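> I would like to see how this sequence folds:
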Amino acid sequence: IAQLVQFGSYKSTLLFRRFVRLPHKIKALFPGNQSFKTSATAFQYVMRILGTHPVAKFNVLYFECERRAELFGKSADHEVYREFKELYLKDHRSIDSATFGKEKRPDDNICPECGAKIIIHKRNSRIFRFASETLPTEKANIEGDTSQSAEINNAQYPEFKKWLPPFLIKKDITVRNTALTILDPNANRMFGDLKYVGADIIVEFVSYNQSVQAGAGVQRLSVWEDEEAPLDFHEEQLPRLLGEDGDVIITLTPANGLSWTYDDVFEKAKLILRTPIICQYYLEKEGREVKEIEVTDSSHDIAVLQAATDDNPTLSPDVVEAMYNEMPDLDGTAIATRRYGIFKQATGRIFKDMNYNVHMIDPVVYGIGSEYINGLTLGRTFDFHPANPHAIIWAGLSETDELFVYRDWAPSPDKWVISRLCRQLAVVSGFEKYCCNLIDPLAKTPNQETGKTTVELMNDEFMQLRRNGIGNGGYWEPFNTKGEVGRDAIKERLANSLKVGIPFNNVIDGKKLPTIWIFKDCRETARSLKQWRLESWASNRQLATRDRKEKHAEKWSHFCTALEGLLKDKRFRPKRVSSEQRQQGYRRFQGGMR
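Purely as a prediction, here's the structure:
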């Protein structure tokens, strides 16, 4: 019992109680320094091990209606799964409504929604993954009346051990094996007529410096990413959670140098939870009113939490004020990020107006099909690379100057030789007619073996493909890389799309505002417009002594460059149509608003 005292001493807050009740696939904690992110996350993982987490399916041990288990057993056949799911939801409020933790399990082990039997959910994995910049290397405890760890290189390990009852540790980490083996606290217990055998639980610690593939292949119950992980590392974790319907928890304090968390997590959040102190900061410092609980129209299963250092119940207001009174705030962002967890680094983005929720559209919602696409001014543009993936965009301009990016592709030059690539381009393009086919001038470099340039090889291939009845051919020529006309055109279109909100709504007072809309399947183009930034200094120390870099980063530039090249070409202009055709088009699409 004495070893449970530390666990019982945790100081719960309203935000923590909201946090542990979130069922979302990705949960991101973006608070100020010393607020609650590390302790709250570590503590709720201990709750999962003990079986006391409020979201039943996140516990190592949980119970479910046997019909739910039967439903997931049919997931291999998608058609059968959909049919069974429809039947299942007639008797259940949701997929997860008939799941129970050990404390809320019905005493008779009968599902209260459908009357079927309740069973113990069968786990195929019992591994939690904790990822950070560095691995824990020291397992010793500080001497004296404390349970703190001497580990200082890794924040997750000591905080997790602080809340985990020591008697559950079967095997601690070593220099060679950074995995913590934990005894299952519920093993060999009876729950009514159900016996839970249990098995050891593993908490593995991994570093972002390890290769991505080193941690691939095995399913996990959950992944905790402390501070911003490399994007490829983060993306590799998601498939590892499918088998157990697990979740990712991201904990970081926003700071200079972050690359993807703002765009791919914060701005895609379906739910944002804030403390009153954060709401007050936005009102006083930025002049905008935000809610403590904000529900967006995002389709992504992401929840974000924002809290300030002031929200830490273990810190006195005087300590917090003293801490930040001494902090230099050279560019007006240090206090915002460090104390309040407010993102400020978006200023380095090239296209600041790019917004996934506005600019990415579902063509079906607006009645946009192949017939409408074929009526546009169409163009293909290709940012060519000998080593990195190519960036290819198909786009069309409407008569009212609305740009639709309706297809994109990022083939690897290692896998797609020119002849094969051209054939695939022709097949995908079908018999669409393009006003221009543009490619990076780099493709004019002669091949040392053949003496021909890539452009010449492509034009020969497309001519032969057309003779063979594959596609409409196409003459490829270099696009203009000089000046910023194309970049400015993209910025103007992005801004106008924000003004009008939806497609087919850009004629204002008789003036056609140029807009841009990206089909939801064109993720490479959308992400590039969102992520492309100016180069940044590696550390805040450099930022304090040097001006902001003015060079554009190469990463994420390729689809942007391709689109810029297309918008510079004078042939890529809206078609002129008669008033009768214009009225027909209006009648066709006036009901397409979402």
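
> which residues of the stretch 101-250 of the chain fall in helices?
Here the stretch 101-250 of the chain has its helices, by DSSP state H, counting those that start in this stretch, at 156-163, 231-237.

> Point out the most buried one among those helices.
helix 156-163 (a mean of 23; mean count of other CB atoms under 10 Å). From N, CA and C alone the C-beta is placed, and that goes for glycine too.

> Summarise which helices and strands that helix is packed against.
Judged by 3 or more CB pairs under 8 Å, 6 or more residues apart in numbering; DSSP states H and E, helix 156-163 is in contact with helix 5-8, helix 37-50, strand 127-132, strand 201-207.

> what's the weakest-modelled helix or strand in this structure?
helix 540-545 (a mean of 42; mean pLDDT, DSSP states H and E).

> Just the CA trace of the helix or strand following that helix, in CSV.
Using DSSP states H and E, the helix or strand that follows helix 540-545 in sequence is helix 558-568. Extracted as CSV, the C-alpha positions of helix 558-568 are listed here (Å, rounded to 0.1, in the frame of the first residue of the first chain):
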residue,chain,number,x,y,z
HIS,A,558,8.9,20.9,-55.6
PHE,A,559,5.2,20.9,-56.1
CYS,A,560,5.1,24.6,-55.4
THR,A,561,7.8,25.2,-58.1
ALA,A,562,5.8,23.1,-60.6
LEU,A,563,2.6,25.1,-59.9
GLU,A,564,4.5,28.4,-60.2
GLY,A,565,5.8,27.4,-63.6
LEU,A,566,2.3,26.6,-64.8
LEU,A,567,0.9,30.0,-63.6
LYS,A,568,3.7,31.9,-65.4
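
> Report the rounded mean pLDDT for helix 558-568.
Mean per-residue pLDDT for helix 558-568: 97.

> Equivalent analysis for stretch 129-145, please.
71.

> go on, stretch 382-398?
Mean predicted confidence for stretch 382-398 is 95.

> Would you mark the buried spots in that stretch?
Judged by neighbour count using 16 or more other CB atoms under 10 Å, the buried positions of stretch 382-398 are 382-385, 389-398.

> Going by distance to Phe205, which of those wins?
Pro389 (32.5 Å; CB to CB).

> what number of residues lie near the closest residue to Thr400 other than its chain neighbours?
Nearest non-adjacent residue to Thr400, counting by CB to CB, 6 or more residues apart in numbering: Lys512, 4.7 Å away. By other CB atoms under 10 Å, the residues close to Lys512 number 15.

> tell me the contacts of Lys512?
Residues in contact with Lys512 (CB atoms under 8 Å, 6 or more residues apart in numbering) are 400-401, 506, 574.

> So what sits opposite it in the bridge?
Val507 (DSSP bridges).

> returning to that earlier point: what's the closest of the helices and strands packed on helix 156-163 to Ile293?
helix 37-50 (17.6 Å).

> before we move on, back to that, adding distance to Asp297 and mean neighbour count as columns, could you present the helices and strands packed on helix 156-163 in a markdown table?
A markdown table is the format used below for those (distance: least, CB to CB, whole Å; neighbours: other CB atoms under 10 Å):
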| stretch | distance to Asp297 | mean neighbour count |
| --- | --- | --- |
| helix 5-8 | 39 | 13 |
| helix 37-50 | 27 | 22 |
| strand 127-132 | 31 | 23 |
| strand 201-207 | 35 | 21 |
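
> would you turn these into TSV with distance to Glu225?
Shown next, in TSV, are the helices and strands packed on helix 156-163 (distance: least, CB to CB, whole Å):
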stretch	distance to Glu225
helix 5-8	24
helix 37-50	10
strand 127-132	5
strand 201-207	10
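
> weakest of these by average pLDDT?
Taking the mean pLDDT of the helices and strands packed on helix 156-163, helix 5-8 comes last: a mean of 86.

> Redo the contacts of Lys512 as a markdown table? Include secondary structure, neighbour count and distance to Gln306.
Formatted as a markdown table, these follow (DSSP: H, G, I helix; E, B strand; the rest coil; neighbours: other CB atoms under 10 Å; distance: CB to CB, whole Å):
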| residue | secondary structure | neighbour count | distance to Gln306 |
| --- | --- | --- | --- |
| Thr400 | coil | 19 | 40 |
| Asp401 | coil | 18 | 39 |
| Asn506 | coil | 22 | 34 |
| Pro574 | coil | 17 | 43 |
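
> So which of the residues you listed is the closest to Asn188?
Asn506 (67.1 Å).

> Quick check: the gap between that closest one and Asp401.
Distance, Asn506 to Asp401, using CB to CB, to the nearest Å: 7 Å.

> Need the overlap of contacts for these two.
Residues touching both Asn506 and Asp401 by CB under 8 Å, 6+ apart: 512-515.

> Kindly state the domain boundaries assigned to the chain.
2-62+121-348, 63-120, 356-589 (automatic domain parsing).

> quick one, longest helix in this protein?
In the chain, taking DSSP state H as the definition, the longest helix is helix 485-500.

> How about the contacts made by Ala229?
Contacts of Ala229 by CB under 8 Å, 6+ apart are 131, 208, 250.

> Turn those residues into JSON lines, including distance to Ala69.
Shown next, in JSON lines, are the contacts of Ala229 (distance: CB to CB, whole Å):
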{"residue": "Ala131", "distance to Ala69": "30"}
{"residue": "Tyr208", "distance to Ala69": "36"}
{"residue": "Ile250", "distance to Ala69": "30"}
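
> between the residues you listed, which is closest to Lys555?
For the contacts of Ala229, the nearest to Lys555 is Tyr208 (17.2 Å; CB to CB).

> burial count for the closest one?
For Tyr208, using other CB under 10 Å, the count is 17.
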